[in-house]
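K.L.:
Dropping a prediction and its sequence here:
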Amino acid sequence: MRVTQGSFSFLPDLTDEEISLQIAYALDRGWPCSVEYTDDPHPRNFLWDMWGLPMFDLKDPAGVLLEINECRRAHPDSYVRLNAYDASYGRQTTAMQFIVQRPAEERSFRLVRQEAADRRISYTLEQR
């Protein structure tokens, strides 16, 4: 099962050239980028580990792609994503976010429903 989070999640994985074009799009709008990684891509796990610091002063897409590739090398079996932030709202707002690396074998999740007395329903998350 393919994890679908962020922009472009239903498209085939982007090439490095396509990722560079998206980075250029973000930088042209003044959106700083950051790179994050995790081995738990569950949607409720929104706190991924940061790779370095956000790149506020970087203006060249090649520099951001370099950081992505360094993170890929250091964490080959993790999910890696790129974030772009729009500060024009006066707070940290994610303008664009997408996965740039997936592990060779993705884990899948299943929601299991349990019914109890008094019409109570609970759910358990199973990983496969």
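P.N.:
Cool, the structure landed.

K.L.:
In what element of secondary structure is Val112 found?
P.N.:
Under the criterion DSSP states H and E, the helix or strand holding Val112 is strand 109-115.

K.L.:
Phi first, then psi, for Gln5.
P.N.:
phi -140, psi 140 (degrees, to the nearest 10).

K.L.:
for it, what are its contacts?
P.N.:
Counting by Cβ atoms under 8 Å, 6 or more residues apart in numbering, Gln5 touches Pro41, Pro43, Arg81, Gln97, Ile99. Quick note: C-beta positions are derived from backbone N, CA and C, even for glycine.

K.L.:
which phi and psi does Arg72 have?
P.N.:
Dihedral angles phi and psi of Arg72 (degrees, to the nearest 10) take the values phi -60, psi -40.

K.L.:
what's around it, how many residues?
P.N.:
Number of residues near Arg72 (other Cβ atoms under 10 Å) recorded here: 16.

K.L.:
got a pLDDT number for the spatially most central residue of the chain?
P.N.:
The residue lying closest to the centre of the chain (Cα atoms, centre = their mean) is Arg81, at 3.4 Å. Predicted confidence (pLDDT) for Arg81: 94.

K.L.:
With Gln127 instead?
P.N.:
Value for Gln127, per-residue pLDDT: 69.

K.L.:
what does Gln114 give?
P.N.:
As predicted, Gln114 sits at a pLDDT of 88.

K.L.:
Could you look up the SS state of His42?
P.N.:
Assigned by DSSP: H, G, I helix; E, B strand; the rest coil, the conformation of His42 is coil.

K.L.:
thought it was touching Leu111?
P.N.:
No: judged on Cβ atoms under 8 Å, His42 makes no contact with Leu111 at a distance of 11.3 Å.

K.L.:
can you list residues touching both of these two?
P.N.:
Common contact partners of His42 and Leu111 (Cβ under 8 Å, 6+ apart): Leu125.

K.L.:
Thank you kindly, that will do.
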